[in-house]
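Peer 1: coords please:
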Amino acid sequence: MANLKRTRKDILASVINTIHRKGLTATGLSELFALSGASSGSFYNYFESKQALGHALIDFEWQKLEKNVLEPATQQSESGIEQLFWMLDTLETKQHQEPWCGGCLLGNLIVDLVEQDDSFREHLQTVFARWEGAIAQRLQQAQDQLRPGTEPAVLAAQMMTAIEGAMLMGKLHRDLDRLHRSFDVARHLLQHALKEG
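Peer 2: Predicted structure coming up:
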């Protein structure tokens with residue numbers, strides 16, 4: 001029976017793993033209602049459409065990424081470089097959990113949604129720019145540890161591409177050894193950018 005007291009956050013948390021695995025397009029409204037435990041009226045009180053739910057999920061996932069990866073990284077070390085290695089390890093570990101080797105939800109939503117609606121393209125571009133900017137900021141802070149000529153913004157973009165590629169291939173192959181090797185591409189990019197010694 002539907003629970004009319006489900007909050008917006010409850011609904012997002014209850015549908016996110018299925019959408020992570022299947023995508024929003026392939027998840028029907030009846031399944032969303034069943035997963036959320038909310039009545040259709042309660043559901044539409046928070047989300048006027050599946051499109052609105054998609055945008056809410058993008059923000060919800062970004063907030064989780066900030067809370068569980070970006071912000072805790074600063075507590076691990078004062079070194080921006082060490083923070084970045086910690087972030088890579090943490091993102092890889094998250095792929096071992098639920099949904100197991102499901103890729104990056106934000107990356108999955110690029111494939112699922114951006115060709116349908118430009119508002120999703122713009123929203124995801126904004127979120128990824130923030131994520132890439134968080135990487136670049138740490139590289140900028142550690143500029144004295146980087147080889148001369150290393151541009152933090154360029155290296156951040158390369159690392160972002162490697163991270164998303166690793167998670168996409170993890171989703172495809174569901175092979176933890178391959179996932180680790182793929183994340184090592186991002187680690188090698190960072191390691192190679194450091195001054196020797």
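Peer 1: show me where the chain has strands.
Peer 2: Secondary structure of the chain (DSSP state E): no strands present.
Peer 1: which helices and strands does the worst-scoring helix or strand of it on mean pLDDT pack with?
Peer 2: When the helices and strands of the chain are compared on mean pLDDT, DSSP states H and E, helix 40-46 comes out lowest with a mean of 92. Judged by 3 or more CB pairs under 8 Å, 6 or more residues apart in numbering; DSSP states H and E, the packing partners of helix 40-46 are helix 8-22, helix 29-36. To be clear about C-beta, it is placed using only N, CA and C from the backbone, and glycine gets the same treatment.
Peer 1: got a markdown table for these, with mean pLDDT too?
Peer 2: Formatted as a markdown table, the entries for the helices and strands packed on helix 40-46 read as follows, by pLDDT from 0 to 100:
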| stretch | mean pLDDT |
| --- | --- |
| helix 8-22 | 96 |
| helix 29-36 | 95 |
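Peer 1: which of the ones you listed sits most buried?
Peer 2: For those, average neighbour numbers computed from mean count of other CB atoms under 10 Å are highest in helix 8-22, which has a mean of 18.
Peer 1: any idea how far that one is from the chain center?
Peer 2: If you compare the mean C-alpha spot of helix 8-22 with that of the full chain, they lie 14 Å apart, counting by CA atoms, centre = their mean, to the nearest Å.
Peer 1: residues in contact with it?
Peer 2: With contact meaning CB atoms under 8 Å, 6 or more residues apart in numbering, helix 8-22 is reached by 6, 27, 31-32, 35-38, 43, 46-47, 53, 56-57, 60-61, 98-99, 102-103, 105, 108.
Peer 1: ok, and the closest non-adjacent residue to Thr150?
Peer 2: Distances taken as CB to CB, 6 or more residues apart in numbering put Ala193 closest to Thr150, at 4.9 Å, once the chain neighbours are dropped.
Peer 1: OK, contacts around that neighbour?
Peer 2: Taking CB under 8 Å, 6+ apart, we find Ala193 in contact with 139, 146-147, 150, 155.
Peer 1: so where is the protein shaky, pLDDT-wise?
Peer 2: Along the chain, the model assigns pLDDT under 70 to residues 1-4, 197.
Peer 1: domains in it, by residue range?
Peer 2: When the chain is parsed with automatic domain parsing, its domains come out as 1-48, 59-193.
Peer 1: for the longest helix belonging to the chain, C-alpha coordinates in CSV please.
Peer 2: Using DSSP state H to define each element, the chain has its longest helix at helix 118-141. Presented in CSV, the C-alpha positions along helix 118-141 are these (Å, rounded to 0.1, in the frame of the first residue of the first chain):
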residue,chain,number,x,y,z
ASP,A,118,18.8,19.8,-23.7
SER,A,119,18.0,20.8,-20.2
PHE,A,120,19.6,17.5,-19.0
ARG,A,121,22.7,18.3,-21.1
GLU,A,122,23.0,21.7,-19.5
HIS,A,123,22.4,20.4,-16.0
LEU,A,124,24.9,17.6,-16.3
GLN,A,125,27.5,19.9,-17.9
THR,A,126,27.1,22.1,-14.8
VAL,A,127,27.5,19.2,-12.4
PHE,A,128,30.5,17.8,-14.2
ALA,A,129,32.1,21.2,-14.4
ARG,A,130,31.8,21.4,-10.6
TRP,A,131,33.4,18.0,-10.1
GLU,A,132,36.2,18.7,-12.6
GLY,A,133,36.7,22.1,-10.9
ALA,A,134,37.1,20.4,-7.5
ILE,A,135,39.9,18.2,-9.0
ALA,A,136,41.5,21.2,-10.7
GLN,A,137,41.4,23.2,-7.4
ARG,A,138,43.3,20.5,-5.6
LEU,A,139,45.9,20.4,-8.4
GLN,A,140,46.2,24.2,-8.3
GLN,A,141,46.9,24.0,-4.6
